[in-house]
Each structure stands twice: as structure tokens, then as C-alpha cells.
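Colleague: let me see the structure of the following:
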Amino acid sequence: MKKIIATLIVVLSFIAAKAAEKEIIADVVFENLTGQELKFGEFFITETNEKIAINETKSFKISLPGTGKYQFGFTTKDFTAYTYYPARITAKQNIITIRLVAKNEATFNKNTFSFPMNLDTTLTNKQMEQLIIAGKLNFIMHGLDNKIPKEFAVFKEKYGIGLRKENCVMDPMSFKIATENNQLIASYLNKQYGNDWVNELPSKPFGIK
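Modeller: Model (predicted):
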């Protein structure tokens, strides 16, 4: 009987250890670029449908089911919030950064911006074509408003590549993301059409010469 109990304890311990291996603990940290205090905000995880009420900029930890791709966000009426995180969360790549900047009348009517920090630059031509068909492949530009020039509608109709306007606030991370995204698309267009398509752009996004 004692041997059976001992065996069960070992088995249960092994199962618990394996379950713990799958769980990922991620750190959520704040970068408050203003002199104001955070009164209230809400951090959310789309995949787990989890929402966490936040009333200070103190770092905290979250538990995720395992390694994988997640979408995080942070909403608040006090600031414009940018959320940066690795494209794939792992035990080593597990830091989610929430950057708070002062609200500006020139910013979009939004209060949350989420950016995976690493773009997938290994997409095949077929995958790029699938994104075009789905209408999800866009150049990224930053500006004072979110209006898309009419000329870009003509470009999208011909090449299938649209334009996404982001907040006018520019920082090194968002500049890096926009540049890598635009260069990835440019490389695809060059393979398909040569270099002539560049001359048809109403304006050149970051990273395109």
C-alpha cells in the first residue's frame, strides 16, 4: 500500500512539474513619459479574455497558458498608451512594456496602440499574397490624422497594398516597427513588379527610398 501511495505521489509530482513547465510568467512594466500619475487603466489579454484593473504604474506579473503569440493592450482615459511586446512570448522573451505619453488633440481618437516588437520577416510569397487577398497588408506611416489620401486608394486597387496611419507621436520603437514592415512589403513588390511601383506611391513610407 505504501508503495502504491509513493508511486502516486511521484506521478502527481511529475504531472504538476510538466504543467508548470508549460506556464509562462510574463512581466508587465510601465514607461511613464509624463509627469502625471495614472489614475485608472485596464490591461487586457485577448486570447485569455482576461482584464486587469490598474491604478498605478508599478510593474506586475501575469500568467499565460504557455509559449505562443498573444495580443496585449492597455486602455486609459488619462494618457495615450502604447503596448510593446515580443511577437512570440517565451520563458526568455516575456516582457510587455506599456508606454504612457501625454494626450494631444492631434492624436487619433484612440487610447490604445499595440505593437508586437518583432515582425515576421520570413513570409513566403504565398503568405504575402494571402494577406493581400485578406486586405491585411499595409504600409505604415505616422501623421497628424488618420485620413488616407485618395491617391493611395488607387495604389491599393492596383497592387493590393494599403496604408495604415498611426499616431503622430514618434519614438525609436515605433519607427523601427514601421520601417521593418515597409521594407518587408517593398521587397515583395520588387520581386513581383521590379522598381517601377515606387514611382506610383503618393508619398514614401519610412524605410523606402
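
Colleague: confirm that Leu131 sits in a strand.
Modeller: No. Per DSSP: H, G, I helix; E, B strand; the rest coil, Leu131 lies outside any strand segment and is helix.

Colleague: excluding chain neighbours, what is closest to it?
Modeller: Of all residues not flanking Leu131 in the chain, Leu137 sits nearest, at 4.2 Å (C-beta to C-beta, 6 or more residues apart in numbering). C-beta coordinates here come from the backbone N, C-alpha and C atoms, glycine included.

Colleague: Phe44 too?
Modeller: Distance criterion C-beta to C-beta, 6+ apart; nearest residue to Phe44, sequence neighbours excluded, is Lys51 at 4.8 Å.

Colleague: what of Pro149?
Modeller: For Pro149, ignoring the flanking residues on the chain, the nearest one in space by C-beta to C-beta, 6+ apart is Pro202 at 5.1 Å.

Colleague: would you say Ile62 is within a strand?
Modeller: Yes. Ile62 sits within a strand when classified using three-state DSSP.

Colleague: list the pairing partners of the strand ranked longest in the chain within its sheet, with orientation.
Modeller: Identified as the longest strand of the chain according to DSSP state E is strand 24-32. Here strand 24-32 is paired, per DSSP bridges, with strand 60-64 (antiparallel), strand 95-101 (parallel).

Colleague: list the contacts for the residue nearest to Pro149?
Modeller: Residues in contact with Pro202 (C-beta atoms under 8 Å, 6 or more residues apart in numbering) are Pro149, Glu151, Phe152, Phe155.

Colleague: and the third one, what does it touch?
Modeller: For Phe152, the contacting residues are Gly162, Leu163, Pro202, taking C-beta under 8 Å, 6+ apart as the criterion.

Colleague: so for the helix or strand containing it, mean pLDDT?
Modeller: Assigned by DSSP states H and E, Phe152 belongs to helix 150-159. The predicted model gives helix 150-159 an average pLDDT of 89.

Colleague: do the same with stretch 88-95
Modeller: 90.

Colleague: and that stretch, what's buried?
Modeller: Neighbour counts using 16 or more other C-beta atoms under 10 Å place Ile89, Asn94 of stretch 88-95 among the buried residues.

Colleague: before we move on, what about stretch 38-57?
Modeller: Across stretch 38-57, burial judged by 16+ other C-beta under 10 Å covers Leu38, Gly41, Phe43, Phe44, Ile45, Ile54.

Colleague: quick check: end-to-end length of it?
Modeller: 7 Å (C-alpha to C-alpha, to the nearest Å).

Colleague: nearest to Ala91 among the buried residues of stretch 38-57?
Modeller: Using C-beta to C-beta, Ile45 comes nearest to Ala91 of these, at 17.3 Å.

Colleague: tell me the bridge partners for that closest one.
Modeller: Here Ile45, judged by DSSP bridges, has bridge partners Glu50, Phe72.

Colleague: my read: it touches Gly68, true?
Modeller: No. Under the criterion of C-beta atoms under 8 Å, Ile45 makes no contact with Gly68, lying 11.5 Å away.

Colleague: anything in contact with each of these two?
Modeller: Common neighbours of Ile45 and Gly68 (C-beta under 8 Å, 6+ apart) do not exist.

Colleague: which ones are touching Ile133?
Modeller: Contacts for Ile133 (C-beta under 8 Å, 6+ apart) come out as Gly160.
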